[in-house]
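> Attaching a predicted model along with its sequence, questions to come.
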Amino acid sequence: MFEGIANLIEKAGWPRIIIALFLLSLFVIAPFVNISIGTSISDTLVRFAMNSVLVLSLVPMVQSGCGLNFGMQLGVIAGLIGAVTSIELGVTGLAGFLTAIGIAIPFAAILGFFYGLLLNRVKGDEMVVATYVGFSSVAFMSMMWLLLPYKSPNMIWGYGGSGLRTTISVEGYWLGVLNNFLSIRIGNFFFPTGTILFFALIALLVWSFFKTKLGTAMTAAGSNPVYAKAAGVNVDRMRILSVVISTVIAAVGILVYEQSFGFIQLYMAPLLMAFPAVAALLLGGASVSKASMGNVIIGAFLFQGILTMTPSVMNNLIKSDMSEVIRIIVSNGMIVYALTRRTKVRK
Amino acid sequence: MKDQSLTRAKNPLVRFVISNAVPILFVILLIFAVPLSGFSTDYLLNEIITRLGRNSFLVISLLIPVMAGMGLNFGIVLGAMAGQIGLIFMLDWGVVGIPGIVLAMLIGTPIAILLGMLAGMILNRAKGREMVTSMILGFFINGIYQLTILYGMGSVIPIASDKLLLPRGYGVRNAIDLISIRKALDNMWSIEISGVSIPLGVFAIIAALCIFVFWFTRTKLGQDMRAVGQDMQVAATAGINVDRTRTLSIIISTVLACYGQIIFLQNIGTINTYNSHDQVGTFAIAALLIGGASVAKATIPNVFIGITLFHLTFIVAPRAGKELLGQAQIGEFFRVFVSYGIIAISLALYAWRRQVEKETERRQAKAAIKAAVEDGTGG
């Protein structure tokens, strides 16, 4: 019995257990401080759904041995280009959303390809290089948002007549196209069926991809490059492919995020976007070199659960909002923990 | 391989250009940007002197971990936070001027040592990915710092002064005035030469630090660090306690960064309690790299060349952007892009070079074995 528990703790890792217990206690306290459980759960679900695809986007790169994709911002940028272009074209509803995806994917694929080439040159140092590639690309695009010749009056600054605004509302275009699709609303409980189905679809695609021959080769390239090479796998090509897939999913992910959030955030807003996603994946049980769909789902749920629950519970409990600080500590603590864990040899 | 043959180029001029590509690139950039900005030479000279005095200490704090093979220590933000905590207490106790600065340093030192020990321990568990770990560790400790300052101070940790606390009674305000120590070090001993004021006191401190670093590399500990930086395994067989040496290098770096941040802030004159330390690591590292340093080698000249070039770019970029494209904001983004971009490029180039070297080594070893085998069968 005790051995079983000890084994479970060993398997899950202390930080994960502490955070899961913390979240559980928040849900237990909630009714006593006049917070409706229904609202809390549906808020958590909405946030889970809007972030899930971004978290999922990290998996291919982890699997192929490229590490945690701190350069996720590249994909995010491609997604943003898709978003503003689709608004510029004035396409609304689901068609607008699909247009945005359609425009974003080629950009993401091209950026991902070059990003992959770069990461192949810096094996072993992917993560730190990726971080700064992500940062600098966000700063570069900030200049571009000012210069690109977008014209839609809904997007550019009122005065001057040029340069995109920092936040652009997607209301009237494709706000909630996925969230409201087949959604269920009972009182103040809301279930974003469409977004969750969309996430499930992409997750299924990625999952089945890793079951194919190509996907297995990619995993092999990640877990043992020397062996994979001996078995005739082109490791470098697998890595580039994984980076392209990750970047494309990240581009789609930010669009999913925006249709739920309601705004496109430009300029320096995407700067730190990779970190919460990485933290969520690690919280779900992934390591620097191994991640699964289960890790994505559990991690995104736990992480978003904490982000949703702490502000409301803490506010009512101690009359002060500590959520931002808790978010910083939990997410970065989780990443530090994962980076310091020695990768165990798998049997 | 191409890369290697280039670094071994015969022509000394070519070799110089290649090994100093980054600073040369910036000099060229500035040759165009400085006239475009329209600033006077006097103004620029004044600014550069001020910024050298303000930033040198922080950038120098990066040198020792590089020597110990731990790369660029993004964790100097830990030291910066320790320095800020020292300043907050100093303000609360009402000590002013030079004694105030000394007091802030005295309070900051033990905190910086503790944080440095923690960072050293964590980085020893993350060998091979020190840089990314030290960066995230900075974010993590920033969370703890905010928790302490925003919720702990005034409630658990006694802070008497109302001027420091938020109206709700606990937590430190967002911006605190450092009027009581503003430019205390700068004005301690400064001279003016034809309109350019030079804070000799600060430069004397920086010179002393340079001498310290120079002396340190020649001590037993400094030599150990260099050995560890070269090859951890060899150092361990030679009887050096690798983990301890690495931790010490991070502790020294953190403590120096603590002092560096105090010097920086006494010049600025205000603390943004929750942001002042944010970019310390990025800017210091970008400056050092622009000065021609790499992940494995950084010297004192790199520090001063780097700060001059980096901050000159900083000063002129917004104005040049405005003149060139009609928008000052582009220049702002440009300098952010430059600081992040230069770090990305330098890190990537270094990693690439190392990968190429490793591959060459392997190929040579393979060829040697093959030759030996052929020799054996042939003879």
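Here it is on my side, so go on.
> C-alpha only now, for contacts and for neighbours.
Noted.
> residue nearest the centroid of chain A?
Centroid check for chain A by Cα atoms, centre = their mean gives A:Leu54 as the closest residue, at 2.2 Å.
> Check for me that B:Glu192 belongs to a helix.
No. Counting by DSSP: H, G, I helix; E, B strand; the rest coil, B:Glu192 falls outside a helix, being strand.
> and the closest residue to A:Ile196 other than its chain neighbours, what pLDDT?
Distances taken as Cα to Cα, 6 or more residues apart in numbering or on different chains place A:Ala49 nearest to A:Ile196, at 5.5 Å, with adjacent residues excluded. Looking at A:Ala49, its pLDDT is 91.
> likewise the one 10 residues further on?
At A:Val59, the model reports a pLDDT of 93.
> check contacts around it.
Listed by Cα atoms under 8 Å, 6 or more residues apart in numbering or on different chains, the contact partners of A:Val59 are A:246, A:291-293.
> Now the phi/psi pair for it, please.
Main-chain torsions, A:Val59, degrees, to the nearest 10: phi -60, psi -50.
> gap between it and chain B?
A:Val59 sits 19 Å away from chain B, going by Cα to the nearest Cα, to the nearest Å.
> how near is that residue to B:Asn174?
Distance from A:Val59 to B:Asn174, counting by Cα to Cα, to the nearest Å: 39 Å.
> At the contact with chain A, which residues of chain B appear?
The interface of chain B toward chain A, taken as Cα under 8 Å from any Cα of the partner chain, is made up of B:122-123, B:125-126, B:128-129, B:131-133, B:136-137, B:139-144, B:146-147, B:330, B:333-334, B:336-341, B:343-344, B:347-348, B:351-352, B:355.
> repeat that for 7 Å
Taking Cα under 7 Å from any Cα of the partner chain as the criterion, the neighbours of chain A within chain B are B:122, B:125-126, B:129, B:131-133, B:136-137, B:139-140, B:143-144, B:146-147, B:330, B:333, B:336-337, B:340-341, B:343-344, B:347-348, B:351-352, B:355.
> Show me how to select, in ChimeraX, the buried members of those residues.
ChimeraX command restricting those to the buried ones, with burial defined by 16 or more other Cα atoms under 10 Å in any protein chain shown:
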select /B:122,125,126,129,131,132,133,136,137,139,140,143,144,146,147,330,333,336,337,340,341,343,344,347,348,351,352,355
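> circling back to that earlier point, without its sequence neighbours, what residue ends up closest to the residue nearest to the centre of chain A?
Counting by Cα to Cα, 6+ apart, A:Leu54 lies nearest to A:Gly253, which is 4.6 Å off, once chain neighbours are set aside.
> neighbours of the residue in the stretch 151-300 of chain B positioned nearest to chain A, just the number please.
As assessed by Cα to the nearest Cα, chain A sits closest to B:Tyr151 within the stretch 151-300 of chain B, at 8.5 Å. B:Tyr151 has 19 neighbours, counted by other Cα atoms under 10 Å in any protein chain shown.
> Over to B:Gly222?
Residues near B:Gly222, counting by other Cα under 10 Å, number 20.
> ok, how many other residues are close to the nearest residue to it once chain neighbours are set aside?
With sequence-adjacent residues excluded and distances taken as Cα to Cα, 6+ apart, B:Gly222 is closest to B:Phe216, at 5.5 Å. Neighbour count of B:Phe216, defined by other Cα under 10 Å: 14.
> now do B:Lys297
Residues near B:Lys297, counting by other Cα under 10 Å, number 16.
> Show me where the chain has its strands.
Because you didn't say which chain, this covers chain A. Along chain A, counting by DSSP state E, strands occupy A:167-169, A:184-186, A:189-191, A:263-265.
> The intended chain is chain B.
B:175-177, B:190-193, B:196-199, B:270-272.
> what about the first one, average pLDDT?
Strand B:175-177 carries an average pLDDT of 87.
> Report all helices and strands that it contacts.
Contact analysis of strand B:175-177 by 3 or more Cα pairs under 7 Å, 6 or more residues apart in numbering or on different chains; DSSP states H and E lists strand B:270-272 as its packing neighbours.
> And the contacts of the strand it packs on?
Applying Cα atoms under 7 Å, 6 or more residues apart in numbering or on different chains, the set of residues contacting strand B:270-272 from outside is B:174-178, B:265.
> try it again with 10 Å
For strand B:270-272, the surrounding residues in contact (Cα atoms under 10 Å, 6 or more residues apart in numbering or on different chains) are B:84, B:87-88, B:173-179, B:181-182, B:262, B:265, B:276-278.
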